[in-house]
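Colleague: Provide a 3D model corresponding to the input given below.
(one chain, ligands or ions: 3)
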Amino acid sequence: MQADSQTLIHRIDVGLAERSYPIHIGRQLNSELPLLLSNLPQQVCIITNATIAAHYLAPLQAALPSDRTVLVHAIADGEHAKSLTSYAEIMDTLIAAGFNRDCALLALGGGVVGDLAGFVAATYQRGVDFYQFPTTLLAQVDSSVGGKTAVNHPGGKNLIGAFYQPKAVFIYTDCLNTLSSRDFACGLAEVVKYGVIYDAEFFSWLEQNQAQLLARDPETLAYAIKRSCEIKAEIVAADEREQGLRALLNLGHTFGHAIEAEYYHSWRHGEAVAVGTVIAAHYMRLQEQFTESDYQRIVRLLKNLGLPTQAPALDELKWQQRMQRDKKVKSGRMRFILPTRIGHAEMRTITDWSAIWQAISAVTEHTD
Ligand SMILES: NC(=O)c1ccc[n+]([C@@H]2O[C@H](COP(=O)([O-])OP(=O)(O)OC[C@H]3O[C@@H](n4cnc5c(N)ncnc54)[C@H](O)[C@@H]3O)[C@@H](O)[C@H]2O)c1
Ligand SMILES: O=C(O)C(=O)C[C@@H](O)[C@H](O)[C@H](O)COP(=O)(O)O
Ligand SMILES: [Zn+2]
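Modeller: Ligands and ions are numbered 1, 2, ... in the order given. This next block holds a predicted model:
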């Protein structure tokens, strides 16, 4: 690994035939960036929010070729901005500025900005180029890679969207220095996910490197991001449209999305995924298909990384209604990603609601 903060550390390719693209991982918006962006079209729109812009808009603008027409569109900060309203506002901006089909959109931000900008890119004039500049850990390890783009609907998370791949992903790990501890932990929830579903060795590495991760040690972080992107790239290349393998990336999300949809003002995606992962593991433990010791390892690691492991109180009917809107539901039957051991998970159809409810109840925080 290079120690020089100006150079690229890693490049990973997402292999999707003619839609393949690189993930560049470096420390700072660096000297290579102008070269990597030299093929940008004439019209460029950066989509971001004010919090992120305050830190990273100027360096990104400085790295763009100087003769381009650059528009900046800032959305509101927060999950509520991943909406059809924000989507329509960006469309208005692009149309008012006369942006053509050969424009490019740059998503500068976390998962909210990336998912929304990607969906705009997928649909503006039936599809324009877009580039991801993820600035949260969650976006660097997960949402910027793989082409799931979406907005939320009051009925649920990511209900309106498209599979649409970026042209390239540019990850700069020093951006994480300005991220809050809470949002940093959210990214770690998705990092832990990769260990649980796919790579037992990586899970053990996370257990052994908790302190360095929490201290945001650059080399430790670079490895965690690289390994996460490698796993995601491999899964996406094998199953871009989630016909099978890719569904594993949804571990904990059936439960997590229900919590998020009900409590989006107070719960973050990564926090809800952490709790959802615990519920999934607890369900399997109750079925005696997951060991007590693996269950305890997951709970301990998530807790140590600063994540919640207990669900908020939520009515049984609300859980059921929310989970019925999950995109994995097939012929009216719920399907879940369930770990069988650390490093391996499977998708299963479960028709016995009482068994699911038992796992949810056991993991729910009781305030009385
Ligand atoms: N498309 C996918 O595959 C995928 C994967 C995982 C999650 N998601 C989606 O991602 C979203 C969550 O993303 P998120 O956790 O990045 O949340 P987010 O985008 O809301 O960002 C979290 C907070 O961090 C701030 N922020 C961003 N970068 C910063 C920086 N470098 N320094 C300081 N503050 C910074 C943001 O302004 C925001 O307040 C959810 O909507 C989730 O559904 C999508
Ligand atoms: O890339 C994927 O595939 C994922 O499922 C990654 C998840 O972490 C992410 O939260 C995704 O947006 C969930 O997708 P959804 O299909 O359940 O909306
Ligand atoms: Zn997720």
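Colleague: Now do the helices in the chain.
Modeller: 33-36, 50-63, 84-96, 111-123, 137-138, 181-198, 200-208, 210-214, 218-238, 253-262, 269-286, 292-304, 316-324, 353-363 (DSSP state H).
Colleague: Redo those helices as TSV? Include mean pLDDT and distance to ligand 1.
Modeller: In this view, the C-beta of every residue, glycine as well, is placed from N, C-alpha and C. Putting the helices of the chain into TSV (pLDDT from 0 to 100; distance: least, Cβ to the nearest ligand atom, whole Å) gives the following:
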stretch	mean pLDDT	distance to ligand 1
helix 33-36	84	17
helix 50-63	96	4
helix 84-96	98	12
helix 111-123	99	2
helix 137-138	98	4
helix 181-198	98	4
helix 200-208	98	18
helix 210-214	98	16
helix 218-238	97	8
helix 253-262	96	7
helix 269-286	98	4
helix 292-304	98	16
helix 316-324	96	14
helix 353-363	97	20
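Colleague: could those be laid out in TSV, adding distance to residue 151 and mean neighbour count?
Modeller: Shown next, in TSV, are the helices of the chain (distance: least, Cβ to Cβ, whole Å; neighbours: other Cβ atoms under 10 Å):
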stretch	distance to residue 151	mean neighbour count
helix 33-36	29	15
helix 50-63	18	16
helix 84-96	5	15
helix 111-123	6	26
helix 137-138	17	29
helix 181-198	19	24
helix 200-208	31	17
helix 210-214	31	16
helix 218-238	21	20
helix 253-262	13	25
helix 269-286	14	25
helix 292-304	28	17
helix 316-324	17	15
helix 353-363	27	16
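Colleague: okay, these in TSV with distance to residue 77 next?
Modeller: Formatted as TSV, these follow (distance: least, Cβ to Cβ, whole Å):
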stretch	distance to residue 77
helix 33-36	25
helix 50-63	5
helix 84-96	11
helix 111-123	8
helix 137-138	15
helix 181-198	11
helix 200-208	29
helix 210-214	24
helix 218-238	23
helix 253-262	17
helix 269-286	14
helix 292-304	26
helix 316-324	25
helix 353-363	30
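Colleague: Between these, which one is closest to residue 27.
Modeller: helix 218-238 (6.8 Å; Cβ to Cβ).
Colleague: Contact partners for the residue most central in space within the chain?
Modeller: The chain has residue 143 as the residue nearest its centroid, 3.1 Å off, counting by Cα atoms, centre = their mean. The neighbours of residue 143, taking Cβ atoms under 8 Å, 6 or more residues apart in numbering as the test, are 110, 111, 114, 115, 134.
Colleague: Can you verify my assumption that the first one contacts residue 134?
Modeller: Spelled out, it's residue 110. Yes - with contact defined as Cβ atoms under 8 Å, residue 110 counts as touching residue 134 (7.0 Å).
Colleague: and stretch 141-156, anywhere near ligand 1?
Modeller: Yes - applying Cβ under 6 Å from any ligand atom, one finds stretch 141-156 in contact with ligand 1 at 142, 143, 146, 148.
Colleague: buried stuff in that stretch?
Modeller: Applying a neighbour-count criterion of 16 or more other Cβ atoms under 10 Å, one finds 141-152, 156 buried in stretch 141-156.
Colleague: What of stretch 15-32?
Modeller: Across stretch 15-32, burial judged by 16+ other Cβ under 10 Å covers 21, 22, 23, 24, 25, 26, 27, 29, 30.
Colleague: how far out from the middle of the chain is it?
Modeller: 17 Å (Cα atoms, centre = their mean, to the nearest Å).
Colleague: is ligand 2 contacted by it?
Modeller: No - between stretch 15-32 and ligand 2, judged by Cβ under 6 Å from any ligand atom, nothing touches; the nearest distance is 13.4 Å.
Colleague: Many thanks, we can stop here.
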